[in-house]
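# Okay, predicted coordinates and the sequence, questions at the end:
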Amino acid sequence: MIREKKAKPYLNPYLAGVGLGIVLLLAFVIMGRGLGASGGFTSVLTTGVDAIASEHASENDVYSSYLGDRERSPLTDWLVIELFGVIVGGFLSGLISGRIKRTVEKGPGISSGRRLLFAFLGGTLMGFAAKLARGCTSGQALTGGALLSPGSWIFMISIFIGAYAFAYFMRRQWI
Amino acid sequence: MTDSKNVRLIKTLVLIAIVFSFLAVIAGNPYTVSIVPVDTDEEFEIEGNVVKVIAAGDLAARLIAKRNDFNLFDIRSDSDFKEYHIPHSINISSENFTQIKQDEASIIIIYDEGNRYVIGKIKPLVKDVKADVYLLKGGIRGWMNEVLFPDLRNTKLSKDETDKIYKTSSFFGGKPVTDKERKRKKYSREGC
Amino acid sequence: MNAPFYKLGYFGFDFSLVIAFVIGVGFGFFLEQGGLGSSRKLAAQFYFRDMTVFKVMFTAIITAMIGLFWLSWIGFVDMSLVYVNPTYILPQLVGGLLFGAGFVIGGLCPGTCLVSSATGRIDGLFTLFGIFFGIFLFAEGYTYLSGFLYSTSLGQLTIPQLINLPHGLILFLVVLLAIAGFVGAEKIEKKFQKSNEGSQQ
């Protein structure tokens, strides 16, 4: 008996987009805010830095703004809990679709190790850039895009430009 | 869902999108509550009352001169108010508010976070009121930029003017930004 | 006006966290359903092989945009209470370019790397570590960045307000653009599609 689970095909992207759009709309209607991700990452990072070097965290402008008056942990934050939900939702979707797989996704022309290095580097760049732009694709592009905020659209278009421009140099990794 | 069902569904959705977005052109303003951007010194009308704009510097001068012929209302949230508020202001969520509102002050000054004033928030303060109503230009952010931490780099002002700015700023516990120290803007969490 | 519920005081902070979780689940669910948990699939966008990123993103944007417009127009939602991200032209332009480069290097973004990690991808996990590190670098270097960070600010506003055109008109134009984009995307995919096996697993 072959135990290999047959992975179901992905949902049609347009339909997935509608689903996502409805989730975003619900966030607007219920909370008066949109989705986000990078802010939640900052909260988690702040908690970590605070645990290791509390004084440094208090002196640093960024960490201290996330720590607030220290009445609550930065982890009790809307975005952090939302991100927790994202993990669960992603897992559930993968589970019912048979797409849970311990693997390193990469193109044929590169080793796993290299891929993981690039993943880390790309993440670093994105984390930094997200703080500059006050958000990432979830918060600025999706949310700000739907709200027609000019900065968000500038950000979104710049992402596509930057990615397409740099794609050439990364082609070994993917295709 | 089979592919053809998908395609039909998507085509329907696209049609709905086009129809509704076209109707949106005709529909007009979706904001059921208007926002007034206070960017100029123009006055405008709310509930039959003329509402004017006051600059942060003028408000500061009033407070320094200890004039008590006006009420200063903070229409931000309670937590924002606790974090910092302009001296002698009253938050609309405080208990004293309704009582103070009855006072016959001749001038009412209102401020929010920035330049966007939600008309719905201002209406109850303006309705049936005989006083002159002013909105603070720039809100708290304008207050910070003009009064508390004015940027004196790259400006050529006379000694008198500079002195005045220093005095005003320190009266409220602030300090102008000069070349001597790097302007470190306080980090505020924005976006997501 | 009944909504946004939270901003009108229908429930407090603690319950809002429950909402956060539920919304997050929906968010992660549809991301993974669309295949955005796969770095290969995401990166394929930038080689014109798989336009899923574009399709999902813009469909979501116009869905939420149209929905919000009408819910506000009928008086159900007070759109003015929805938090609009402030605009800082230069930081967001530069940030976008950097983010885009990082996106094609890493293959995932903050939201999708969580979905990727949740479905077992190790590269998703490493992207996650990278993002933390990038934010760390930002926070540590804040003193040097604060000047740039707060430059060219336009405050919180919308495109219709900025260029003084009706909201509905802009909405309609954006929808037309998106649909034109979708038509183009379908054409591009047909042209460059060599094989699908890379994007199905």
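Thanks, I have it.

# Return the residues of chain C in contact with chain B.
Within reach of chain B by C-beta under 8 Å from any C-beta of the partner chain, chain C has these residues: C:1, C:62-63, C:66, C:68-70, C:72-73, C:75, C:78-81, C:85-86, C:142-143, C:146-147, C:149-150, C:155-157, C:161, C:166-169, C:171-172, C:174-176, C:179, C:182. Where you see a C-beta, it was placed from the backbone N, CA and C, and this is true even at glycine.

# List the contacts of residue 57.
Picked chain A for this. Going by C-beta atoms under 8 Å, 6 or more residues apart in numbering or on different chains, A:Ala57 touches A:46, A:49-50, A:63-64, A:67.

# please go with chain C instead
Counted by C-beta under 8 Å, 6+ apart, C:Met57 has contacts A:17, A:137, A:141-142, A:145, A:156.

# Show the pLDDT at it.
pLDDT for C:Met57: 96.

# Ok, A:Ser64 next?
Reading off the confidence values, A:Ser64 has pLDDT 89.

# Helices along chain B, start to end?
B:3-27, B:56-64, B:78-83, B:97-102, B:119-126, B:139-143, B:159-171 (DSSP state H).

# in the second one, what counts as buried?
Across helix B:56-64, burial judged by 16 or more other C-beta atoms under 10 Å in any protein chain shown covers B:56-57, B:59-60, B:62-63.

# Can you narrow the contacts of A:Ala57 down to the ones near chain C?
Answer for these near chain C (C-beta under 8 Å from any C-beta): A:49, A:63.

# I'd like the contacts of A:Ala57 laid out as CSV, including neighbour count and secondary structure.
Output for the contacts of A:Ala57, formatted as CSV (neighbours: other C-beta atoms under 10 Å in any protein chain shown; DSSP: H, G, I helix; E, B strand; the rest coil):
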residue, neighbour count, secondary structure
A:Thr46, 26, helix
A:Val49, 21, helix
A:Asp50, 21, helix
A:Tyr63, 27, helix
A:Ser64, 19, helix
A:Leu67, 21, helix
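
# quick one: which of the contacts of A:Ala57 is nearest to chain C?
Nearest to chain C among these: A:Tyr63, at 5.9 Å, using C-beta to the nearest C-beta.

# Wait, that closest one touches A:Ala51, no?
No: counting by C-beta atoms under 8 Å, A:Tyr63 stays clear of A:Ala51, with 11.3 Å between them.

# how about residue 67, what does it touch?
All of this refers to chain A. The contact partners of A:Leu67, by C-beta under 8 Å, 6+ apart, come to A:46, A:50, A:57-58, A:74.

# Wait, chain C was what I had in mind.
Counted by C-beta under 8 Å, 6+ apart, C:Gly67 has contacts A:21-22, A:25.

# where do the helices sit along chain C?
Counting by DSSP H, the helices of chain C are C:13-33, C:39-44, C:52-73, C:89-106, C:110-118, C:122-140, C:142-149, C:159-163, C:167-192.

# So which of those helices is nearest B:Glu42?
Of all the helices of chain C, it is helix C:159-163 that lies closest to B:Glu42, at 15.9 Å by C-beta to C-beta.

# what comes into contact with the closest one?
Contacts for helix C:159-163 (C-beta under 8 Å, 6+ apart): A:148-150, A:153, B:37, C:154, C:166-167, C:169-170.

# how much space between the most centrally placed residue in chain A and A:Gly89?
The centre of chain A sits closest to A:Ala37, judged by C-alpha atoms, centre = their mean, with a distance of 5.0 Å. As defined by C-beta to C-beta, to the nearest Å, A:Ala37 lies at a distance of 13 Å from A:Gly89.

# Could you do C:Gly67 as well?
The value you get for C:Gly67 to A:Gly89, if C-beta to C-beta is used, is 20 Å.

# Same question for A:Ser138.
13 Å.

# Spit out the residues that contact these two alike.
C:Phe27.

# returning to that earlier point: packed most tightly, which of the helices of chain B would that be?
Mean neighbours per residue, mean count of other C-beta atoms under 10 Å in any protein chain shown, is largest over the helices of chain B for helix B:139-143, with a mean of 21.

# which strands and helices sit next to that helix?
helix B:56-64, strand B:107-111 (3 or more C-beta pairs under 8 Å, 6 or more residues apart in numbering or on different chains; DSSP states H and E).

# so which of the ones you listed comes closest to B:Lys5?
strand B:107-111 (56.0 Å).

# From the rest of the structure, what touches that closest one?
Looking at strand B:107-111 with C-beta under 8 Å, 6+ apart, the contacting residues turn out to be B:54, B:59, B:69-75, B:86, B:89, B:117, B:122, B:125-126, B:129, B:131-136, B:139-140, B:143.

# and the angle for it with helix B:56-64?
120 degrees (axes from the mean of the first three to the mean of the last three C-alpha atoms, to 10 degrees).

# Tell me the strands beside strand B:107-111, with direction?
Pairing partners of strand B:107-111, with direction, according to DSSP bridges: strand B:70-74 (parallel), strand B:132-136 (parallel).

# any idea of the angle it forms with helix B:119-126?
Using the same axes, to 10 degrees: strand B:107-111 against helix B:119-126 is 160 degrees.

# Only alpha carbons, please: show strand B:107-111 as CSV.
The C-alpha coordinates for strand B:107-111 follow below in CSV (Å, rounded to 0.1, in the frame of the first residue of the first chain):
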residue,chain,number,x,y,z
ILE,B,107,-14.5,80.0,22.9
ILE,B,108,-14.2,76.3,22.4
ILE,B,109,-11.0,74.8,21.0
ILE,B,110,-11.0,71.2,19.8
TYR,B,111,-8.1,69.0,18.9
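
# wait, isn't C:Ala118 in contact with A:Gly85?
No: taking contacts as C-beta under 8 Å, C:Ala118 lies outside contact range of A:Gly85: 10.8 Å.

# Name the residues contacting each of the two.
In contact with both C:Ala118 and A:Gly85: C:Gly28, using C-beta under 8 Å, 6+ apart.

# Tell me which residue is most central in chain C.
Centre-most residue of chain C, counting by C-alpha atoms, centre = their mean: C:Met57, 6.6 Å.

# so how far is C:Gly181 from it?
10 Å.

# and if you look at B:Leu157?
52 Å.

# more neighbours, those two?
Set B:Leu157 next to C:Gly181 and count neighbours by other C-beta atoms under 10 Å in any protein chain shown: C:Gly181 wins out with 14 against 11.

# Okay, now the sheet partners of the helix-or-strand element of chain C with minimal mean pLDDT, with direction.
The weakest-scoring helix or strand in chain C, judged by mean pLDDT, DSSP states H and E, is strand C:153-155 (a mean of 84). When pairing is defined by DSSP bridges, strand C:153-155 lines up against strand C:87-88 (antiparallel).

# any idea how far the partner strand is from the chain center?
16 Å (C-alpha atoms, centre = their mean, to the nearest Å).

# got it, and stretch C:74-82?
21 Å.

# Over to stretch B:157-168?
That offset, for stretch B:157-168, works out to 26 Å (C-alpha atoms, centre = their mean).

# Would you mind putting the CA coordinates of that stretch into CSV?
What follows is stretch B:157-168, C-alpha atoms only, in CSV (Å, rounded to 0.1, in the frame of the first residue of the first chain):
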residue,chain,number,x,y,z
LEU,B,157,15.3,83.9,12.8
SER,B,158,16.1,86.9,14.8
LYS,B,159,17.3,86.4,18.3
ASP,B,160,13.9,87.7,19.7
GLU,B,161,12.0,85.2,17.6
THR,B,162,14.3,82.3,18.6
ASP,B,163,14.0,83.3,22.3
LYS,B,164,10.3,83.4,22.0
ILE,B,165,10.2,79.9,20.5
TYR,B,166,12.5,78.6,23.2
LYS,B,167,10.4,80.1,25.9
THR,B,168,7.1,78.8,24.5
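
# which residues are contacting it?
So stretch B:157-168 is in contact with B:57, B:60-61, B:64, B:147, B:150, B:152, B:176, going by C-beta under 8 Å, 6+ apart.
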